[in-house]
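Peer 1: what's the 3D shape of this:
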Amino acid sequence: MATTDLLVDLQDDLVSDDTSNAIGQLKLSPLDEKPWPTDCDGDLKSGKEEYSPEIVDPPADLKWDDPYYDIARRQIVEIAGDDNFGRKVIVFSACRMPPSYQMDHSLLLKYLKHTLDKYVESDYSVVYFHYGLNSQNKPSFAWLVEAYKEFDRKYKKNIKALYIVHPTRLIKAFLVVFKPIISMKFGRKIFYVNRLDELEHYLKCERMVIPACVKRFDEHLRAAQKPVPPEPKKKMPHQQFGVSLEELKEKDPDHKVIPLVVEQTASYIMKNGLNKEGIFRRSANMYMVKEVLEKYNNGVPVDFDAYKDVHLAAVMLKTFLRELPQPLLTYSLYDRVISFGKVPQNKQIETIGEMIQSLPQDNYAVLHYLVKLLGVIADNSDLNKMTASNLALVFGPALLWSKDAAISLNAINPINHFTQLLFENYTEIFSAK
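Peer 2: This is a model prediction of the structure:
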């Protein structure tokens with residue numbers, strides 16, 4: 001197979017990349033400047049212990065006759081909410097892969113595509129936990145080439161970041177081999193993360209499932225380095241993100257219940273985003289996101305007209321919800337939402353209404369305001385392609401998460417189902433109060 005057969009671009013520049021220049025110019029990361037750990041075969045220090053993949057309980061809703069049962073039960077691939085830029089996060093954990101003779105890698109590839117099919121229409125990121133990949137469980141080079149071919153432009157177009165956690169010489173060698181056949185744009189999407197605290201710059205680690213052996217390995221790395229005390233976080237007088245609804249209302253001169261960020265972003269989206277295809281699915285420029293966030297937190301007026309990007313307003317709205325100290329639907333509703341599937345179908349709308357009415361007054365008001373906006377978005381789905389189901393995939397993890405546990409597939413599905421019914425029946429639900 002010729003190398004040119006693999007020159008599939010990962011963005012919209014299918015004809016603009018100069019392959020000969022790309023080979024020489026592509027800079028994936030200053031690898032040689034970092035103290036990378038050596039490859040491991042399941043042991044934190046010597047690599048002498050016998051390799052054993054991390055065993056996890058299979059998802060509660062996984063049927064034994066599911067065609068992907070053997071793959072899905074290992075939870076090698078999981079969904080972990082959104083990153084700090086509003087992009088859905090797909091997690092791949094190498095430590096959960098069994099020895100190659102126990103796994104059908106062609107089925108793994110199909111399962112990867114099956115999982116990604118639910119999210120590839122939106123911007124998304126991938127977190128790859130490299131610890132645990134070794135000579136016993138790593139796929140063949142031929143399989144990697146086949147995977148690259150199988151993940152065509154449909155999957156590659158909207159991937160915005162690949163975070164490689166705990167990279168080693170194996171990854172370095174792999175990327176050297178693949179360097180001539182990947183685009184320069186994709187090279188700029190790769191972020192090497194030496195420790196989990198570095199991953200916090202991109203997403204909230206406490207809300208994602210991180211394998212226990214990965215955490216132990218990370219602790220081993222940190223113990224070998226000189227500890228750096230964390231800098232205390234100080235709240236700014238005008239801070240809008242990471243502040244409770246009650247505190248925001250108290251700080252507002254008019255004591256408005258609807259926070260400034262929610263009001264301004266919703267207003268701009270209502271004016272400019274109803275017909276925007278993929279609204280809430282697309283990410284925004286990370287530098288603009290940081291700039292706008294800093295403006296809000298420093299009391300500087302924000303004019304979204306100056307940025308001319310409705311996706312920026314959409315990302316800021318999602319970011320505000322994710323940064324709340326407690327989810328908008330509150331921790332108290334978490335268990336009821338997770339078990340919501342047990343409610344008889346003819347009682348579900350009534351039950352949602354009762355649950356929503358139990359919210360604190362400020363939470364209820366902000367949720368009502370938000371859901372009215374999303375209802376209008378869904379009403380225009382023939383133009384913006386955002387149905388109630390699509391909006392639930394985006395907003396479910398931003399409206400509810402657990403206080404004591406990272407979100408997992410077991411939780412995401414019922415949260416999304418609950419959220420979809422809320423969006424589809426919001427008029428009836430909110431008129432009940």
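Peer 1: Which residue lies nearest the spatial centre of the protein?
Peer 2: Geometric centre of the chain, nearest residue: Val89, 2.4 Å, by CA atoms, centre = their mean.
Peer 1: Just list what the helix or strand hosting that residue packs against, helices and strands only.
Peer 2: Following DSSP states H and E, one finds Val89 within strand 88-93. In terms of contacts (3 or more CB pairs under 8 Å, 6 or more residues apart in numbering; DSSP states H and E), strand 88-93 is packed against strand 77-82, strand 124-129. Every residue, glycine included, has its C-beta placed from N, CA and C.
Peer 1: among the ones you listed, which is nearest Ser402?
Peer 2: strand 77-82 (11.1 Å; CB to CB).
Peer 1: what angle do the closest one and strand 124-129 make?
Peer 2: Angle, strand 77-82 to strand 124-129, by axes from the mean of the first three to the mean of the last three CA atoms, to 10 degrees: 120 degrees.
Peer 1: buried residues in strand 77-82?
Peer 2: For strand 77-82, a neighbour-count test (16 or more other CB atoms under 10 Å) marks Val77, Glu78, Ile79, Ala80, Gly81, Asp82 as buried.
Peer 1: of all the residues you listed, which two lie farthest apart?
Peer 2: Spatial extent of these (CB to CB) is set by the pair Val77 and Asp82 at 16.9 Å.
Peer 1: so where is this structure shaky, pLDDT-wise?
Peer 2: For the chain, the stretches with pLDDT under 70 are 1-51, 60, 178-183, 227-235, 404-410, 432-433.
Peer 1: Show me how the record splits it into domains.
Peer 2: What the record gives for the chain is the domain set 3-223, 245-430, from automatic domain parsing.
Peer 1: Of those, which is nearest Pro237?
Peer 2: Closest among the domains of the chain, using CB to CB: domain 245-430, at 7.0 Å.
Peer 1: Start and end of that closest one, how far apart?
Peer 2: End-to-end distance for domain 245-430: 20 Å, by CA to CA, to the nearest Å.
Peer 1: same check, this time on stretch 237-244
Peer 2: End-to-end for stretch 237-244, by CA to CA: 14 Å.
Peer 1: do stretch 268-284 as well
Peer 2: Stretch 268-284 has an end-to-end distance of 15 Å (criterion: CA to CA).
Peer 1: Give the full set of residues in contact with Thr419.
Peer 2: Thr419 makes contact with Leu391, Ala392, Phe395, Gly396, Leu399, Leu400 under the criterion CB atoms under 8 Å, 6 or more residues apart in numbering.
Peer 1: and which of these is nearest to Arg216?
Peer 2: For the contacts of Thr419, the closest approach to Arg216 (CB to CB) belongs to Leu400, at 29.4 Å.
Peer 1: Once you drop chain neighbours, what's closest to the closest one?
Peer 2: Leu329 (4.3 Å; CB to CB, 6 or more residues apart in numbering).
Peer 1: Give me the contacts around the helix or strand that contains Glu428.
Peer 2: In the assignment (DSSP H and E), Glu428 maps to helix 426-430. Residues outside helix 426-430 that contact it (CB under 8 Å, 6+ apart): Ile349, Ile352, Gly353, Ile356, His368, Val371, Lys372, Leu374, Gly375, Leu422.
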